[in-house]
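Colleague: Sequence first, then the predicted structure, then my questions.
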Amino acid sequence: MKKVYLDYSATTPVKPEVVEAMLPYFTEYYGNASSIYEVGREAKAAMNVAREEVARLIGAKPSEIFFTAGGTESDNWALKSIAQDLKAKGRGNHLITTKIEHHAILHTCEALEKQGFEVTYLEVDHQGMISLEALEEAIRPETILITVMYVNNEIGTMQPVKAIGEIARARGVLFHTDAVQALGNVAIDVDHDRIDLLSMSAHKIYGPKGIGALYVRQGTRITPFIHGGAQENKRRAGTENIPAIVGFGEAARLAGLHLQAHIEKLTALREKLKDGILSAVPEVVYNGHPTERHPGNVNLCFKYVEGEAMILLLDHLGIAASSGSACTSGSLDPSHVLMAIGLSHEYTNGSLRLSVGDFTSEEDVDYVLEKLPAVILRLREMSPLYEAVQGGRA
Amino acid sequence: MKKVYLDYSATTPVKPEVVEAMLPYFTEYYGNASSIYEVGREAKAAMNVAREEVARLIGAKPSEIFFTAGGTESDNWALKSIAQDLKAKGRGNHLITTKIEHHAILHTCEALEKQGFEVTYLEVDHQGMISLEALEEAIRPETILITVMYVNNEIGTMQPVKAIGEIARARGVLFHTDAVQALGNVAIDVDHDRIDLLSMSAHKIYGPKGIGALYVRQGTRITPFIHGGAQENKRRAGTENIPAIVGFGEAARLAGLHLQAHIEKLTALREKLKDGILSAVPEVVYNGHPTERHPGNVNLCFKYVEGEAMILLLDHLGIAASSGSACTSGSLDPSHVLMAIGLSHEYTNGSLRLSVGDFTSEEDVDYVLEKLPAVILRLREMSPLYEAVQGGRA
Amino acid sequence: MYSEKVMDHFMNPRNVGDIPDASGVGEVGNVSCGDIMKIYLLIDDKEVITDIKFKTFGCGSAIASSSIATVMVKGRTVKEALKLTNQEVLEALGGLPAVKIHCSVLAEQALKAAVLDYANKTGKVFEELEGFDPGDDGHHDHDLVQLEF
Amino acid sequence: MYSEKVMDHFMNPRNVGDIPDASGVGEVGNVSCGDIMKIYLLIDDKEVITDIKFKTFGCGSAIASSSIATVMVKGRTVKEALKLTNQEVLEALGGLPAVKIHCSVLAEQALKAAVLDYANKTGKVFEELEGFDPGDDGHHDHDLVQLEF
Ligand SMILES: Cc1ncc(COP(=O)(O)O)c(C=O)c1O
Ligand SMILES: Cc1ncc(COP(=O)(O)O)c(C=O)c1O
């Protein structure tokens, strides 16, 4: 059966070149990078190259890159350490974020609220954009950190990061951005964008899972979140995960090398996919911003059908996709992002995210366009809601 | 040139079978384990098998195993989450540990002290053993956690874990043990040993770096340390690191399968290495406990020579080893473990740790026995300290 | 995630559709919960369910629960059918994930709601329906899992 | 970690040994710091260093620093030799890691201590030695790195 993976925003396959680059570090140059003997020095040298590659992808200096176990750890570290440190110094206890952040940010903010921090969750408009005026107004004398995601993982909306960074800098507040979905999909430059801290994850850019990084602008003080050995310039303890770091470095190098072509390819596939679905299926909304969005993200809500059922039928046809419906998440509530952009349950239930990537072909998109309408129709014909509307129309 | 790796306690090469097991999960079954479609389900199924293997190795239930990014994260999580949660509940603010813990424990304890916790650091005797009486005496009504490492990473001493667990349980205090060095080198049974929480790391048992686990006894409440998605039964957020988890599982399976043979092989090599050195080189002490120790650990202090110089000369001969000397660590102080067992600078400067493992052969040991005495002699002849003694003797 | 039985009834649902001249029709659930089940019954003079159809808006387990429930009661008398519990639906499906148990409850409720409609229309009384509230769809069973990537 | 020059002088140290009838001997450092350097000087009537030997207890960079320092001053006059700074030692070695800079300081100090001994023995005065304290071995440069595994 044909297999079409359209969930690149969840995770990407590791590129063969990346696996190739990693392999020697499992069995040959396996040394502890903190050791002074040969197998350790080789590991350390490889780590330094990787650090340069990751730094280059976001316009940073290698010394500003600290490897972590992924995007979630980077987010936790940035928020908790900055918040606790600045609060202890009497600088304030207020953070600003948005209602559409990833749970790595939202649940961390909730944990901080329990510790006595105050958090403002900015609203977004129906395309998922924050308002710069609202941001300006939310800043108080005791505001210590603004954290706004670069690109949203569900609806793909890209925030005006540079403008946010400028406001933050003008007001003397640190600016962190969760760039897990932006990395490798958008040209990022921490200087141009006025970013002080930035979270990354390798498994979204064809690198391995379990490795990420936090960019910390030189001069920005950050205390460790994970205590122990002196690794990562005494900022992040734990034996260096060399194979994964090497893989991240190689993935970052490839991402930087092909960024423009990657963006063009994905954008073309995305538009074809979106246009094809919208013209073949009635009663569906396309979410997110029309242009300021992740090049590979198509987020739709189909009326009268439920997301999990769609995913299962698509899976049966070899198509891997995801949904923000309540039933898919196994929770009472649909995605907080879909709610934040003002969609009613009628729409959120039928949520479908299709995300294309480097291994997606035109044929893959054709296959989806061939199969998806029938899946929707099949479920609609089984749906008492659709029946009711059809009845009304008849 | 012959290469002899004798730093298995720092990190191990990944076994080829383990790499083999991991490989399909990078490029083929790369799905996000939280997804419901096929590539995600396959990832999840593999993760469940791995969880069973890790659980089996320590006599736990799979539901008691939570994957982390390594031993350091496990240690941080156990100590910080248990301490903060029980303090918030008014249960107390006192922890008990030892002076010879890994920095992942010690620096975490120091961070907790800054937050208002009190920590008792138990002394050890010259073989590195804590005193059970001293432990009993240290327990106060406000004691909430005892954390004592299973096996020490430098001198290899194994603590009387079961007796500690019994004391903790009798006194109603939780017991955590850092078993990073014990795992796969000692028969661990969390029920027999009365352990409530236990830290593990895969890269010390021929598994990949960047993956570990925390065992949490059923019924022991633990709040998350890393907030975000609902992974690991809502206890540890972050996209599951499937290839590494699969590797950890396979490494755990192999470790359990061959445990007895592994212990016997390493013990024989260790004794041969230790006896050979002690009979060939004068003025050297063998540290740690004669029998209650890591099967592969040989820890020595040579008078009149400095550790880093030894390591460099050995490296030049293809031998990889490590040292707890001040110069090797790059710090003002030699290893806190060597100081805790009462060694003076005369000895700590000349610290050498040789740790054998599964790929060590008799010939490797012979090679070290052939080369090491000359290395020591060469450095001694260059040493003004040795000159002074020789002069005195002449 | 789902048993083979669940997947079979989801992929090939039995008795999908409606019955224009149904003896009773019941609908439970609501859009905000993410599943709605509607059951149509055709009941003869001997109170035997001679035909049954369903329409369901919801996830895989909601569709599978509806499907298997219709198979289980078709040909039974109304009184027998009312004995159907969500536990039996669960067992027939070979189990459901914890967060999906409410789907089996929904199937039981939809059936009861259809019988209630039949009872109301015919003036009959079924003691098995005593205390039955078609608004209570068992959704409080939901666990608060949040997955995201 | 170390430059080729450092490794060369560590692996093949020049001028190791002692001089039984030395004109001056200096020793700096102590066991608790982990390095001790001892330098022996043979100085002729014209105050030229005709021979120099060292013994060092310490790490690779301590041994390399001693070795290169002896090479740098051998054949020079005492006055010239006293101009040697740790910066020159560092440069000659192609640099040292930050935490090892004190080793180059130690080499400078050991040489000065040996000249001081010569001065004391001969009653000569070298203004370059003014303020020199052989107990000050530069160890406060140490950075607090802690590596462990
Ligand atoms: C926007 C965003 N932030 C954070 C994360 C978490 O990253 P990781 O899975 O590497 O912990 C993800 C993806 O899972 C994401 O999409
Ligand atoms: C006793 C002990 N605890 C903790 C650790 C830390 O484990 P990891 O390197 O996996 O973070 C190590 C090794 O580094 C160790 O030997």
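Modeller: Arrived safely. Numbering: from 1, shown residues only, chains lettered A, B, ... in the order given. Ligands and ions are numbered 1, 2, ... in the order given.

Colleague: now do the same end-to-end measure for stretch A:176-186.
Modeller: Taking C-alpha to C-alpha, to the nearest Å, stretch A:176-186 runs 17 Å from one end to the other.

Colleague: now swap in stretch A:60-75 and tell me
Modeller: Note: stretch A:60-75 ends 18 Å apart using C-alpha to C-alpha.

Colleague: Then stretch A:20-27?
Modeller: 13 Å.

Colleague: Confirm that A:Tyr121 sits in a strand.
Modeller: Yes: looking at A:Tyr121 with DSSP: H, G, I helix; E, B strand; the rest coil, it is inside a strand.

Colleague: what number of residues lie near it?
Modeller: Here the count is done by other C-beta atoms under 10 Å in any protein chain shown, and A:Tyr121 has 17 residues near it. Every C-beta, even on glycine, is put in place using the N, C-alpha and C of the backbone.

Colleague: Surely it and A:Ile100 touch.
Modeller: No: applying C-beta atoms under 8 Å as the test, A:Tyr121 and A:Ile100 come out as separate, 9.2 Å apart.

Colleague: Flag every residue of the stretch 1-150 of chain A that's near chain C.
Modeller: With C-beta under 8 Å from any C-beta of the partner chain as the criterion, the stretch 1-150 of chain A comes near chain C at residues A:9-11, A:102-103.

Colleague: Against ligand 1, which of these make the cut? List them.
Modeller: With C-beta under 6 Å from any ligand atom as the criterion, those include A:His102 near ligand 1.

Colleague: tell me the pLDDT at C:His139?
Modeller: In this model, C:His139 is scored at 49, pLDDT.

Colleague: Tell me where the chain is predicted with low confidence.
Modeller: With no chain named, the answer covers chain A. A:328-332, A:391-394 (pLDDT under 70).

Colleague: Hmm, no, I was thinking of chain C.
Modeller: C:136-149.

Colleague: what number of residues lie near C:Asp18?
Modeller: 15.

Colleague: A:Phe26 too?
Modeller: 23.

Colleague: Enumerate every residue touching it.
Modeller: A:243, B:13-14, B:18-19, B:208 (C-beta atoms under 8 Å, 6 or more residues apart in numbering or on different chains).

Colleague: ok, now how distant is it from A:Val19?
Modeller: Per C-beta to C-beta, to the nearest Å, A:Phe26 is found 10 Å from A:Val19.

Colleague: Nearest to ligand 2: which residue in the stretch 251-394 of chain A?
Modeller: Nearest residue of the stretch 251-394 of chain A to ligand 2 (C-beta to the nearest ligand atom) works out as A:Ala251 at 22.8 Å.

Colleague: Would you mark the buried spots in the helix or strand encompassing that residue?
Modeller: Assigned by DSSP states H and E, A:Ala251 falls within helix A:242-257. Buried residues in helix A:242-257, counted by 16 or more other C-beta atoms under 10 Å in any protein chain shown: A:242-256.

Colleague: Does it reach chain D?
Modeller: No: judged by C-beta under 8 Å from any C-beta, helix A:242-257 makes no contact with chain D; its nearest approach is 12.6 Å.

Colleague: after that helix, next one along is what?
Modeller: helix A:259-280.

Colleague: And the following helix or strand past that following helix, what does it pack against?
Modeller: Moving toward the C-terminus from helix A:259-280, the next helix or strand (DSSP H and E) is strand A:284-286. The criterion is 3 or more C-beta pairs under 8 Å, 6 or more residues apart in numbering or on different chains; DSSP states H and E, and the helices and strands that strand A:284-286 contacts are helix A:259-280, strand A:297-302.

Colleague: One more pass at 6 Å, please.
Modeller: Counting contacts by 3 or more C-beta pairs under 6 Å, 6 or more residues apart in numbering or on different chains; DSSP states H and E, strand A:284-286 packs against strand A:297-302.

Colleague: Adjacent strands (with direction) for the strand it packs on?
Modeller: Here strand A:297-302 is paired, per DSSP bridges, with strand A:284-286 (antiparallel), strand A:351-355 (antiparallel).

Colleague: from the middle of its chain, how far away would the helix or strand following the last one be?
Modeller: Once strand A:351-355 ends, the next helix or strand along the chain (criterion: DSSP H and E) is helix A:362-381. Helix A:362-381 has its C-alpha centroid displaced from the chain centroid by 27 Å (C-alpha atoms, centre = their mean, to the nearest Å).

Colleague: The helix or strand just after helix A:362-381 and chain C, any residue contact?
Modeller: Where DSSP H and E defines the elements, the next helix or strand beyond helix A:362-381 is helix A:384-393. Yes: interface with chain C: helix A:384-393 contributes A:384-385, A:387 (C-beta under 6 Å from any C-beta of the partner chain).

Colleague: Select only the buried ones of the residues you listed in ChimeraX?
Modeller: To isolate the buried members of these in ChimeraX, using 16+ other C-beta under 10 Å:
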select /A:384,385,387
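
Colleague: which among the contacts of A:Phe26 gets closest to D:Val16?
Modeller: The shortest approach to D:Val16 among the contacts of A:Phe26 belongs to B:Pro13, at 36.9 Å (C-beta to C-beta).
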